[in-house]
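[1] Show me the folded form of this:
(2 chains)
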Protein chains: 2
Amino acid sequence: MGDPTLTEIVDWFRGLQDKICSGLEDLDGTASFSEDRWQRPEGGGGRSRVIQGKHIEKGGVMFSAIDGEMPEVIANGLGIEATHFHATGVSIVLHPHNPWVPIIHMNVRYFETASGLWWFGGGIDVTPHYIDTNQASRFHQRMKKACDILSAKAYAEYKPWADKYFFNVHRDETRGIGGIFFDRLNQSSGASKDTCWAFVQAVGESFLSCYTELYEDNNDKIFDESHQRWQQIRRGRYVEFNLVYDRGTKFGLQTNGRIESILMSMPPQTQWVYNHQPDPQSEEAKTLSLLRKDIDWLNYKGV
Amino acid sequence: MGDPTLTEIVDWFRGLQDKICSGLEDLDGTASFSEDRWQRPEGGGGRSRVIQGKHIEKGGVMFSAIDGEMPEVIANGLGIEATHFHATGVSIVLHPHNPWVPIIHMNVRYFETASGLWWFGGGIDVTPHYIDTNQASRFHQRMKKACDILSAKAYAEYKPWADKYFFNVHRDETRGIGGIFFDRLNQSSGASKDTCWAFVQAVGESFLSCYTELYEDNNDKIFDESHQRWQQIRRGRYVEFNLVYDRGTKFGLQTNGRIESILMSMPPQTQWVYNHQPDPQSEEAKTLSLLRKDIDWLNYKGV
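    Presented below is the predicted three-dimensional model:
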């Protein structure tokens, strides 16, 4: 085994994009990904892949591997010296057509500098338009399993981190049922690089099975216009989070990144309804009541 | 005449809201405004009015008059001492149903502190889904007329300010055809408070005639699904501006304002299409080509 090299990590991420795209094409069954390859004048580039199918209404699976001299302002933000750096990763957002299927997001990434610093970051979080507590619980069990590869306490750290990160402060609500979020994972965690990498690979590998289960459990459910309306309102909240809080999006907007790749996470049909309040007895209200931090989804038993 | 008192300004703004709402109800002819009155625990409150009609698909006309002790962080941002303050104003965004009718935004506001500081701010800007250069020119002529009340050079200052402010940096495009924008207008401009106020009143008064003209010129035009799709894509850009750059929105989100009033500017049906590129010969492409700063709309003669 031994520590993975940069090339090994880049190759594995590229292969992960291929594997996930092919799996999602099978799942949707009506469309295939189109690809835009792009290059960065300063170094590196990526493959942006987008699907617009009958079931996956809009989905993006992005791979990139860039390098260059780090701008001072970014180095300052990271609290490190400005040197040559490499950054690579895979980033996914899927907006399903059926409102009973959740929106899902995954990101796995690796960063290293010429001065010898390195870290991993990433996470998966699920944003159901309608929360099914059993499904939420099963998803978190999968996340726990991936985290256990790193350490017995990793899930207990990364689950609350996701709650805190994927949070619309101005709405006082979580984006969805959370998941895991981690950043700057390196040897200071006590784990070897090899172990960190095995964990990140497990997160990446888990994506397709997580989504396949959520998709197959929900995609045949019948919906009508009222469900779609609610879905579009919830997509509005997703937009609010991504444009107001999401670090990756803000970073991309500030650094003149490829705008269509950065904003591939934006949903298709979306709407804002002034002061929308669902009926207190409705499924919609039940979902709202569960959009909060610190729910113990792993052992969720309902009330 | 003489300088206006705080009470006179507040009363005038409240009356402006009434007048504009009544004018817009006549224009739409199918719906009336609903009102939410709200109070701020720290002092003051407002009247948020929203219309969801057949022609004005979603529109908000907000009045507020608040006061209290200024938080340190805001005083620092303004570069002034934290004292008791009053802030009052009217804020409007209208999203029309017909894609040929532009989105319009207006804001007029007044601010004063117990320590004797005061200023006005505001502006009007127009965001056509399809730019008609003659209409753009006429709108700017109206803005020039209002600015002339303040001084012969005001338009030459406030028009570029709007170009600069209503700009989606990450798209490298203006939000629309601009208009005017001004802030911290007080005696340091060389004009008396009385004259500043007459100008701000003229801006407020001009709103209804500007919008009525734009509405009547366009609302009977025929449109189909392709126009609506473009409208929804342009609304997405409006969302991007408001959530990423708009100072009022950011201020509201950061200071725990009434969220439904702050986000009343969000459009109804909206969509994001990956890498959308209109046909180079189309009306849509023509509009894109005109979404740039420094167009001399006052004397626009086309090309």
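[2] From here on, just use CA atoms for contacts and neighbour counts.
    Will do.
[3] Counting neighbours, what do you get for residue A:172?
    By the measure other Cα atoms under 10 Å in any protein chain shown, the count of residues near residue A:172 is 11.
[4] How many residues are close by the closest residue to it other than its chain neighbours?
    The shortest distance from residue A:172 to any non-neighbouring residue, by Cα to Cα, 6 or more residues apart in numbering or on different chains, is to residue A:292 (7.9 Å). Per other Cα under 10 Å, the neighbour tally for residue A:292 reads 18.
[5] any idea how far residue B:290 is from residue A:292?
    According to Cα to Cα, to the nearest Å, residue A:292 and residue B:290 sit 44 Å apart.
[6] ok but the residue nearest to residue A:172 is inside a strand, no?
    No. Using DSSP: H, G, I helix; E, B strand; the rest coil, the secondary structure at residue A:292 is coil, not a strand.
[7] so what's it up against?
    Residue A:292 makes contacts with A:163, A:172, A:173, A:174, A:177, as judged by Cα atoms under 8 Å, 6 or more residues apart in numbering or on different chains.
[8] Dump the residues you listed to CSV, plus secondary structure.
    As requested, the contacts of residue A:292 are exported to CSV (three-state DSSP):
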residue, secondary structure
A:163, helix
A:172, coil
A:173, strand
A:174, strand
A:177, coil
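[9] near chain B, which residues of chain A?
    A:50, A:170-171, A:240, A:243-244, A:253-254, A:256, A:259-260, A:264, A:266-275 (Cα under 8 Å from any Cα of the partner chain).
[10] and the residues you listed, which of them are in helices?
    A:240, A:243, A:244, A:253, A:254, A:259, A:260 (DSSP state H).
[11] Top of these by number of neighbours, please.
    The residue in those with the most neighbours, by other Cα under 10 Å, is residue A:243 (23 neighbours).
[12] Now do the contacts for that one.
    Shown in contact with residue A:243 (Cα under 8 Å, 6+ apart): A:249, A:250, B:240, B:243, B:244.
[13] which one of the residues you listed sits closest to residue B:32?
    Nearest to residue B:32, judged by Cα to Cα, of these is residue B:243 at 27.6 Å.
[14] Surely residue A:125 touches residue A:106?
    Yes. With contact defined as Cα atoms under 8 Å, residue A:125 reaches residue A:106; the gap is 6.6 Å.
[15] So those two - more neighbours on which side?
    The neighbour count for residue A:125 versus residue A:106, taken as other Cα under 10 Å, is higher for residue A:125 (25 against 22).
[16] where does that one fall, helix, sheet strand or coil?
    strand.
[17] If we ignore the residues flanking it in sequence, what's nearest it?
    residue A:179 (4.4 Å).
[18] Isn't the one you found up against residue A:159?
    Yes. Counting by Cα under 8 Å, residue A:159 is a contact partner of residue A:179 at 5.7 Å.
[19] which helices and strands does the longest helix seen in chain A pack with?
    In chain A, with assignment by DSSP H, the single longest helix is helix A:193-218. Packing partners of helix A:193-218 (3 or more Cα pairs under 8 Å, 6 or more residues apart in numbering or on different chains; DSSP states H and E): helix A:6-28, strand A:103-113, strand A:118-127, helix A:133-148.
[20] Pull the distance from that helix to the chain's centre.
    11 Å (Cα atoms, centre = their mean, to the nearest Å).
[21] Helix A:6-28 and that helix, what's the angle between them?
    10 degrees (axes from the mean of the first three to the mean of the last three Cα atoms, to 10 degrees).
[22] which non-adjacent residue is nearest residue A:121?
    Closest to residue A:121 by Cα to Cα, 6+ apart is residue A:183, at 4.0 Å.
[23] Just the mean pLDDT for whichever strand or helix holds that neighbour, thanks.
    For residue A:183, the host element (DSSP states H and E) is strand A:179-185. What strand A:179-185 shows for mean pLDDT is 97.
[24] how about that strand: buried residues?
    For strand A:179-185, burial by neighbour count (16 or more other Cα atoms under 10 Å in any protein chain shown) applies to A:179, A:180, A:181, A:182, A:185.
[25] so what does that strand touch, helix or strand wise?
    strand A:118-127, helix A:133-148, helix A:154-165.
[26] Kindly present those as CSV, with separate columns for mean pLDDT.
    Putting the helices and strands packed on strand A:179-185 into CSV (pLDDT from 0 to 100) gives the following:
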stretch, mean pLDDT
strand A:118-127, 97
helix A:133-148, 97
helix A:154-165, 98
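[27] most neighbours per residue, which of these?
    strand A:118-127 (a mean of 22; mean count of other Cα atoms under 10 Å in any protein chain shown).
[28] circling back to that earlier point, taking strand A:103-113 as reference, get the angle to the longest helix of chain A.
    Angle between the axes of helix A:193-218 and strand A:103-113 is 170 degrees (criterion: the same axes, to 10 degrees).
[29] Give the buried residues for helix A:193-218.
    Buried, per 16+ other Cα under 10 Å, within helix A:193-218: A:193-204, A:206-208, A:210-211, A:214-215, A:218.
[30] Wait, the residue nearest to residue A:121 touches residue A:120, no?
    Yes. Assessed by Cα under 8 Å, residue A:183 is found in contact with residue A:120 at 6.2 Å.
[31] Name the residue of the stretch 51-200 of chain A that lies nearest to chain B.
    residue A:170 (5.7 Å; Cα to the nearest Cα).
[32] picking that back up, got a list of what the residue nearest to residue A:125 touches?
    A:123, A:124, A:125, A:126, A:139, A:140, A:143, A:158, A:159, A:162, A:163 are the contacts of residue A:179 under Cα under 8 Å, 6+ apart.
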